[in-house]
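Visitor: fold the following for me, if possible:
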Amino acid sequence: MLWSLIKIVVFVTVIAALTWGAGYLLESSGGLQITVMGTEFNFGPLQSVIAVIGLVIAVWLLLKVFALLVAAWHFLNGDETALSRYFDRNREKKGYEALSEGLMALASGEGRLALSKAAKADKYLEKPELTNLLIAQAAEMAGDRRTAEDAYRKMITNQATRFVGVRGLMKQKLADGDTDTALKLAQKAFALKPKHEETGDVLLKLQAEKEDWKGARETLNTKLKNGQLPRDVHKRRDAVLALSEAKEVFAEGNSIESREAAIEANRLSPDLIPAAVMAAHSFIEQDKPKYAARLLKKAWSVQPHPDLAAAFAAIQPNETPKERLKRFTMLTKVQPDHAETKMLLAELNIAAEDFPQARRSLGDLVETNATARSVTLMAAIERGEGASDTIVKGWLARALNVSRGPQWICENCQHIHASWNPVCENCHSFDTLAWKTPPMSEVAMPGGLQMLPLIVGTIEDNSGADAKPPVGTRSDIEDAELITDPVENGAKSK
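Guide: Down below sits the predicted model:
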């Protein structure tokens, strides 16, 4: 409404200005005098202005006629498109103007306007390699998925725009959740342009989701050749894929191939814990305990982990607790101040029923870096030393209110996994799982977990030392050991 009023006011103002100008010229004196071949022409002020305007129009028409004659001359001399280019020049100008306006509308977020300008540009230009892309992107912005898909399909038929068309359809299928079709389109797009980094990443992610480990390794090698990956990152991810391939071969029952694949995965990345564990079991099956111990020690020096300790225990599954404690010295002397090493020594000494040494091995871990596992180990030590049920239950209650300790966490979405996987089960990211402690969160419940020690007992026993239960045996501390997951139980489960 306001815009219409403004246009009316502008129109009236222009008419009034022209009327005033014409009246002023009619009342003015003087004029324009032209002599042509002895003939004199006299023009008044208004007539002079009209003559000048007519002269400009005549010159413009003369130039147009001259350009037409030049085009006709070129046509007669063999240029068959000279006349068509002459008549299409105006259409081409309008088409490029519409294309420019469509791009500006697309950048401004006006999807509908960009779509209408793209359709106009397509009508005038007849250059689908330019207009189809604008139509597709404008239709996507406007929410018209069908028009966008039709535009992408048209782009596939043109060699110059085939990659863009395939990539556009791939992204649409990904948005729809059709990963099977998206995988095929990603393979096609990657074959058309293997140096396109985003397409390579999408293809690698889809292949990992579909557990196509062989194809994923080929894609990874291509990305390395194209300089899209640092060599150390490629080595790590290739080890992850090799490990996943080894697990698949192991599930199929091909033991020799699985052993070789596991050893290859560990060779590519010795710090990859699952690869080290699987390679160690492969050496154990081949009756090569020294090789298994050597690679587990190397992996432990990089990142101590309970799975490494369990695999080390599986090397000699029938040894006594004291023999195991002695043999584990090879492992525990590496990174002796690490929390995992301290808890491992505590478990080994609990299994050997040397509870004072278990307490010394655990040190101040329950104060400086308390976790459910370390606190439960302290409960087992207290029970083994003959502490009352009140003290033991107090430690177990505290285990509910501390960190659960390091776990496999996706660094992309922070999802916690029960075991290592090459692909996050939540966000489907590839090679994003890391062994670290998740952030501590409060549990919402009436009264809070802080009330539990008051219910089941406190850690400090104030009842006096006049009567202590007898020192516990192995059967006395079974309830506490169920939570600690000692190395001996882990080895037997293997």
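Visitor: which residues touch the residue nearest the centre of the chain?
Guide: Centroid-nearest residue in the chain: Ser429, 5.9 Å away (criterion: Cα atoms, centre = their mean). Contact analysis of Ser429 by Cβ atoms under 8 Å, 6 or more residues apart in numbering lists 205, 410, 412-413, 423. Glycine gets a C-beta too; all of them are placed from N, C-alpha and C.
Visitor: hmm, 10 Å instead?
Guide: 205, 208-209, 410-413, 415, 423 (Cβ atoms under 10 Å, 6 or more residues apart in numbering).
Visitor: please apply the same query to Trp300.
Guide: Counting by Cβ under 10 Å, 6+ apart, Trp300 touches 273, 276, 308-309, 312, 330-332, 334-335, 338, 340-341, 344.
Visitor: mind giving me the ChimeraX command for buried ones among the residues you listed?
Guide: In ChimeraX syntax, the buried subset of those is picked out as below (16 or more other Cβ atoms under 10 Å):
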select :273,276,308,309,312,331,332,334,340,341,344
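Visitor: rewinding a little: top of the contacts of Ser429 by neighbour count?
Guide: Highest neighbour count within the contacts of Ser429: Ala208, with 25 neighbours (other Cβ atoms under 10 Å).
Visitor: that residue - nearest residue in space that isn't next to it in sequence?
Guide: Among residues not flanking Ala208 along the chain, Phe430 sits closest, at 4.5 Å (Cβ to Cβ, 6 or more residues apart in numbering).
Visitor: also Leu99?
Guide: Distances taken as Cβ to Cβ, 6+ apart place Ala121 nearest to Leu99, at 4.0 Å, with adjacent residues excluded.
Visitor: surely that neighbour touches Glu101?
Guide: Yes - here Ala121 lies in contact with Glu101, judged by Cβ atoms under 10 Å, at a distance of 8.4 Å.
Visitor: who has more neighbours, these two?
Guide: Ala121 (25 against 17).
Visitor: how about the helix or strand hosting that one: buried residues?
Guide: In this assignment (DSSP states H and E), Ala121 forms part of helix 111-125. Buried residues in helix 111-125, counted by 16+ other Cβ under 10 Å: 111, 113-122, 124-125.
Visitor: so which of these comes closest to Arg383?
Guide: Gly111 (69.1 Å; Cβ to Cβ).
Visitor: can you pull the contacts of the closest one?
Guide: Here Gly111 is in contact with 105, 137-144 (criterion: Cβ under 10 Å, 6+ apart).
Visitor: how much space between it and Ala105?
Guide: Separation of Gly111 from Ala105 (Cβ to Cβ, to the nearest Å) stands at 8 Å.
Visitor: please apply the same query to Ala309.
Guide: Distance from Ala309 to Ala105, by Cβ to Cβ: 63 Å.
Visitor: same question for Gly38.
Guide: Gly38 is 61 Å from Ala105, by Cβ to Cβ.
Visitor: give me the more crowded residue out of those two.
Guide: Neighbour comparison, Gly38 and Ala105: the larger count goes to Ala105, with 21 against 5 (by other Cβ under 10 Å).
Visitor: verify the assumption that the more buried one is located in a helix.
Guide: Yes - the assignment for Ala105 by DSSP: H, G, I helix; E, B strand; the rest coil puts it in a helix.
Visitor: going forward can the numbers begin at 53, since that is how I track them
Guide: Done: numbering now begins at 53, and the last item shifts to Ala157.
Visitor: that one contacts Lys169, doesn't it?
Guide: Yes - counting by Cβ under 10 Å, Ala157 touches Lys169, with 5.9 Å between them.
Visitor: quickly list what's touching both of the two.
Guide: In contact with both Ala157 and Lys169: 186, 190, using Cβ under 10 Å, 6+ apart.
Visitor: so the chain: which segments form each domain?
Guide: Structurally, the chain divides into domains by automatic domain parsing as follows: 221-281, 283-355, 372-455+492-546.
Visitor: may I see the ones you listed organised as JSON lines, with distance to Gly75 and mean pLDDT added?
Guide: As requested, those are exported to JSON lines (distance: least, Cβ to Cβ, whole Å; pLDDT from 0 to 100):
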{"stretch": "domain 221-281", "distance to Gly75": "65", "mean pLDDT": "91"}
{"stretch": "domain 283-355", "distance to Gly75": "82", "mean pLDDT": "79"}
{"stretch": "domain 372-455+492-546", "distance to Gly75": "85", "mean pLDDT": "71"}
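Visitor: closest one to Val61 among those?
Guide: domain 221-281 (48.1 Å).
Visitor: packing partners of the longest helix along the chain?
Guide: Assignment by DSSP state H gives helix 97-128 as the longest helix of the chain. With contacts taken as 3 or more Cβ pairs under 10 Å, 6 or more residues apart in numbering; DSSP states H and E, helix 97-128 sits against helix 54-79, strand 84-88, strand 91-95, helix 134-159.
Visitor: re earlier: so which of the contacts of Gly163 wins on neighbours?
Guide: Ala190 (27 neighbours).
Visitor: what average pLDDT does the helix or strand where it lies get?
Guide: Here Ala190 sits within helix 180-194, counting by DSSP H and E. Averaged across helix 180-194, the pLDDT comes to 86.
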